[in-house]
Structure formats: structure tokens, C-alpha cells
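# attaching a predicted model along with its sequence, questions to come.
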Amino acid sequence: MGRPIAVLAVCGTRPEAIKMAPVVRALRADPAFTVRLVATGQHREMLDQMLRLFDLTPDVDLNIMTPHQTLTELTLRLLQGLDRVLRETPATVVLAQGDTTTTFAAALTAFYHQIPFGHVEAGLRTYDNYQPFPEEMNRRLIAPIAAYHFAPTEIARQNLLREGIPAERIWVTGNTGIDAVQWVAAQPFEIDNPALQRVLQHSGRVLLLTVHRRENWGEPIAAVASALRELLEQFEDLLLLAPMHCNPRVRQSLAPILGSHPRAVLTEPLDYASFVQAMRRADLILTDSGGVQEEAPAFGKPILVLRETTERPEGVAAGVAKLVGTDRTRVVQEVARLLTDPHRYMQMARAVNPYGDGRAAERIRDILRHSIGAGESGAVPMLATGTP
Ligand code: UD1
Ligand code: UDP
């Protein structure tokens, strides 16, 4: 065997930790690789919570989060920090996941250092620059930089082909988030979170809510909160569980409207194992999260997506997710319909797995071992400019 392949894996936010954990663990278990994990700290509490769960200690922590960070400040700090890391420790390949500003900065820094970039969860698109913002632009800008496109689904692969990414640079691996959710669901689990305890003891129906997208800050989140307050009054058996994102912009719209309701459980973000139990217990999930749209179908839970568009059309096509936006009246109507029409509910409450089979990380490991191990590292094209 030749020298191990030096991987620099980067993550910064909660979903990146969750979705990179299976990849980092798979690569670390293989002697063909050495892996350095860089936490940018774009998130602090929510990132640490996930790294702890997966027993991952970053080799480098850039610790860049500031309260109310703007996109420009965030990008500047990320580029400077990642540049320093790559100057100090060269790598054969840089890996990052998804569409956050950490991911975009990791791709751009890798490009400046002429190191191939591997994009985990490549090819998701809405083709609307501002929805989701800034994620749609982040992932589109990453595509021409990436040397390895690990697409979760065939639809994602088709998006990349349409943009001129060569077919031989795209691999359909499934989403590593499904690896993560399967792993965590199989771990022994103690219910010590009081909010989760209350939900699990509740005998009526449970609605699980997560919201955080920038385009929903302010009025849209407040409208969803008002809709839920009305629904709690209308359905007396209903309990709402809302683990709130740490962003103060999210909390300031949810808490004043829902905080005083006796059947609204507003909590700190749940650790991943508790959140998975909450998804399992929920009768219905309302979310604008990307990751939750991928996980909930595996548990057979209907999802109402609080957005106008989605880059995850597979759940909608399978009939288990529905785009409802954030209009108050519409949210009330859609939830009420599912709570009163058992036929409609059963149509949406089907377990399907359009996003992966739990083996995405293994595939990524094998692809990297074969391509780079075969001496391709220097020859990987840095810019995908050809047509398929
Ligand atoms: C970020 C990503 C988004 C991703 C989401 C997952 C960008 C621009 N946005 O959005 O794509 O879907 O994470 O959750 O990359 N904060 C804390 N503690 C934390 C996390 C956040 O206090 O652990 C607060 C801070 O005040 C921070 C603010 O939330 O400034 C916003 O964080 P930021 O990462 O900029 O954006 P998110 O909305 O979390
Ligand atoms: N999640 C969690 N605890 C919570 C809320 C969400 O563990 O209180 C998990 C969820 O299961 C999913 C991920 O966090 O895997 C989604 O993160 P988020 O919604 O912040 O980001 P997105 O996926 O929208 O980028």
C-alpha cells in the first residue's frame, strides 16, 4: 500500500456534523486514509452537541461564530481560517457537505490551494437564487469547483449533468444523513430530556415543528406560530413540540406567540438521539429544514414543508411531503385537514426511503480510495467545464 490519502474534512453547522460524521468515521476506520477534521464553529452549541454524540473531536476548531453574524463577515472569517489550515497542513482532498457558507468557503479555499474538493450531497437545486437563501447559490457555486460530486439521488445527478458536470465525476451514493439517522436510531437510548419525556407521556396527538431558514425570519415564522396557536385551541388533544434553533431571530418570532400556551413545548435544540425519538412519536411534522425532510419519510411521518420550493422533490413525488409555505390560513387548513381526514392522513403516513439506504459513506470511501489510490489525485480536473 502507498502513502495514506490525506483527507481534510470540514464542517461548521449542525446538519454538516450529522451528515459528515458517517463519512469521517468510515474514512478513519480505513488505513488507506488519514483524516483531519476541521470544525469551523459557524455554529457553536448546535455543532458541539452533534460532534459529541458521534464521538468526534475536531483536530482544528476555528471557533468563528459571532452573535447575529452577517453572511459577508461569516464568509471572510471562514476563508481566512480555512486558508490558514490549508497553508499549515496540506491535504490530498478536501471534503465538505451540503450548502452552508462553511461548505462554500471550504470549496473555494480548496480551489485556491489547487486541492481537489469532494462535495457530499451534490446536485440539490431549486433553481431559485433566493430560495433557500443563501444555500441555493452556495451549492451552485460549489459545483464547478468540485472534483467529486457525491449526489444523493438520481434527480440530483440529473441536475449536475444539465449544468455540464461530466458524468464520470458524479456518483449517486444516497444521502449520508440516512446513514446517520439509521446509526443513531440503533443506539441504546435513555430518555432524560424533560421536553421529550413530556411528549412521550402525552396521550393525544403530537405535532413536531422546526423552523430556521433565513427567508422565513420575521413575519413568516410569526405567521406559522399564530397558525399553530389557533390549531392548539381548535384540537384539544394536540401537543406541539418545537425545539428552537439557537438563532435569536427564530426565537423572537416563536416564543411571544406560543410560549404561554400550556400545550406548546418550546425547548432548546434536542440532541440528535432525542430528536429522532421525537420524530418517531410525532403524528405530523412541520418543517423548513432540509435534513428533516429527508429523515421523516423513513419514519412514515407526513411532512408539511414550510417553504414555497424544495430541492428535495423526492418526498413530494412519493406523496409523503407537501409544500405549504408559511401563510397562516393555509397552514391552519393543511394541518386541520390531516388531523380530521384519516384517509388523507394514511395516504401521507407511509414509510419510504427516497434519499438513501444507509450506505452512502461506504460508497464515498470506496470511490475516493479507488480514484485517488489509482494515482488520480494530481490528474483530477479542478474545473468541470466540459459538456456531458
Ligand atoms: C446555518 C446555515 C444554513 C443551515 C443552518 C442549519 C448559512 C448561511 N446558513 O443557518 O444553511 O441550514 O445553519 O441549522 O450557512 N447561533 C447560536 N448558536 C448555535 C448556532 C447559531 O447562537 O449553535 C446563532 C448565532 O447568533 C449566529 C446565528 O445563530 O450568528 C446564525 O447562525 P448562521 O450559521 O449564520 O445561520 P443559521 O441560520 O444557523
Ligand atoms: N435536529 C436535531 N435536533 C433538533 C432539530 C433538528 O438533532 O432539535 C436534526 C435533524 O434531525 C436533522 C438536522 O438536525 O438531521 C437538521 O438541521 P437543520 O434543520 O438545522 O438544518 P438543515 O437540514 O435545514 O440544513
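In hand now; what should we look at? Ligands and ions are numbered 1, 2, ... in the order given.
# now for Arg369: which residues touch it?
When the contact criterion is Cβ atoms under 8 Å, 6 or more residues apart in numbering, the partners of Arg369 are Ile5, Asp30, Ala32, Phe33. From N, CA and C alone the C-beta is placed, and that goes for glycine too.
# how about 10 Å then?
Listed by Cβ atoms under 10 Å, 6 or more residues apart in numbering, the contact set of Arg369 reads Ile5, Leu27, Asp30, Ala32, Phe33.
# mark which of those residues are buried, thanks.
When burial is judged by neighbour count using 16 or more other Cβ atoms under 10 Å, the buried members of the contacts of Arg369 are Ile5, Leu27, Asp30, Ala32, Phe33.
# among the contacts of Arg369, name the ones in helices.
Counted as lying in helices by DSSP state H, out of those, are Leu27.
# so which helix or strand takes in Glu294?
Element membership for Glu294, per DSSP states H and E: helix 290-295.
# and of the buried ones among the contacts of Arg369, the nearest to Arg157?
For the buried ones among the contacts of Arg369, the residue nearest Arg157 by Cβ to Cβ is Leu27; the value is 22.7 Å.
# the closest one is in contact with Thr92, isn't it?
No: using Cβ atoms under 10 Å, Leu27 makes no contact with Thr92, being 11.7 Å away.
# anything in contact with each of the two?
In contact with both Leu27 and Thr92: Pro4, Ile5, Val7, Phe33, Thr34, Leu368, using Cβ under 10 Å, 6+ apart.
# buried residues in the helix ranked longest in the chain?
With residue count as the measure and DSSP H as the assignment, the chain has helix 71-88 as its longest helix. Neighbour-count burial for helix 71-88, counted by 16+ other Cβ under 10 Å, picks out Leu74, Thr75, Arg77, Leu78, Leu79, Gly81, Leu82, Val85, Leu86.
# quick one: the fourth one and Ala146, what's the gap?
Right, Leu78. The gap separating Leu78 from Ala146 is 17 Å, by Cβ to Cβ, to the nearest Å.
# what about stretch 313-320, average pLDDT?
For stretch 313-320, mean pLDDT is 97.
# buried set for that stretch?
By neighbour count with 16+ other Cβ under 10 Å, stretch 313-320 contains the buried residues Pro313, Glu314, Gly315, Val316, Val320.
# that one and ligand 2 in contact?
No: under the criterion of Cβ under 6 Å from any ligand atom, ligand 2 is not reached by stretch 313-320; the shortest gap measures 13.2 Å.
# quick one: contacts of that stretch?
Applying Cβ under 10 Å, 6+ apart, the external contacts of stretch 313-320 come out as 124-126, 152-156, 175, 293-294, 296-298, 300-303, 305, 310, 321-323, 347-355.
# among these, name the ones in helices.
Secondary structure of the contacts of stretch 313-320 is defined by DSSP H; positions in helices are Glu154, Ile155, Ala156, Gln293, Glu294, Gln347, Met348.
# quick one: buried ones out of the residues you listed?
When neighbours are counted using 16+ other Cβ under 10 Å, the ones in helices among the contacts of stretch 313-320 contain these buried positions: Ile155, Ala156, Gln293, Glu294, Met348.
# alright, I will stop here.
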